[in-house]
Structure formats: C-alpha cells, structure tokens
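S.K.: Pasting a predicted model and its sequence here:
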Amino acid sequence: MPDRQNDVRPVDRFVFEVDGIEIGQFREVNGLSVDVAVETVEEGGENQFVHKLPGRLSWPNITLKRGVIKSDSLFKWLSQTAGEGYAGNGNKLERRTVAITLVSVDGTRLREWSLADAFAVKWSGPTFAVTSSDNATEELEIAHHGFQSSQP
C-alpha cells in the first residue's frame, strides 16, 4: 500500500500565529524563501574553475494576504512594534516567534514554518473603488531572522 502521508493535498488556508496565539488565517503567503550568497575564491595556478563557497543567508520579508474581516488583529500587532506602541515600550523592539501553518481542505495541518525574531513592518488595507468587483483585501509584511520548517 502506498504511503498516503506523502501525497500532495489541496491547500485551504494558512494559519498565522504570534507566540502561539492565532491572529489570522490567510489565502496567500509570499516570501518563504532563503538565498545563500556565494563567495568566489580564485586559486593561483588553478585555471579550470573558481572555488565557490557558501556565504551569508538572506531572508526576504514575508507577506500575508487575505480578505478583510471584522478583526483588526494584524493592525494591532503592527501598532505594538511601531509608532506609539514602540515609544510606549521605551523604544525597545519586541521581536516575536511567529508560525505559518499550511492547512489542507480536510483541516489537516501539513507543514509549519517558524520565523525567528519577527516583527511587522507594513500593513496595507483595501483599495476603495465602487466600480471594482474585487474583494477588499489586507496585507501584512513581516521582517524576520530566518525560519525553520517542520511537520506539526
């Protein structure tokens, strides 16, 4: 019998948690990637190739996108790390551990990405146009120091 655990399943949503508390569900997540800088070293007398060595890792910001809902939990989280929230905390940035979990149509949690030292850097709300048939959406952008991937 084949191992059904390795089958690709249709995705329904992504759950977003900050310090273990769910603050939103999303339909779209962008930026889950890492780039490795490559350093080159030329060796005297070696003309066939240049040595390539792994360098620093670069983690782009993560962007989460969803339809606007009644809760303003995303904007509240941003407010804690910027503006008056930041000043009220003695200008001390409180980085958080956040998790993005991939959930299948049947509700099974398939994969989780845990982001280290994260904080919100941008919130974008809906564009208003009475002539548009698009759904109102909001986006949250998060800076972080890298992630780990695991199965929940």
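M.R.: Everything's here; your move.
S.K.: To which secondary structure element is the residue in the chain sticking out farthest from the centre assigned?
M.R.: Largest separation from the mean C-alpha position in the chain: Gly45, at 45.4 Å (C-alpha atoms, centre = their mean). Per DSSP states H and E: Gly45 is located in neither a helix nor a strand.
S.K.: again, but for Pro60
M.R.: Secondary structure assignment for Pro60, by DSSP H and E: no helix or strand.
S.K.: can you check the one 4 residues further on too?
M.R.: With elements taken from DSSP H and E, the one containing Leu64 is strand 62-67.
S.K.: For that strand, which outside residues touch it?
M.R.: Contact with strand 62-67 is made by 14, 16, 24-32, 74, 100, 115, 135-142, 144, as judged by C-beta atoms under 8 Å, 6 or more residues apart in numbering. In this view, the C-beta of every residue, glycine as well, is placed from N, C-alpha and C.
S.K.: Just give me the residue right at the centre of the chain.
M.R.: With distances taken as C-alpha atoms, centre = their mean, the residue of the chain nearest its centroid is Ile62 (3.5 Å).
S.K.: and Ser79, backbone torsions?
M.R.: Phi and psi for Ser79, reported as degrees, to the nearest 10, are phi -60, psi -30.
S.K.: give me the number of residues near it?
M.R.: Using other C-beta atoms under 10 Å, Ser79 has 16 other residues around it.
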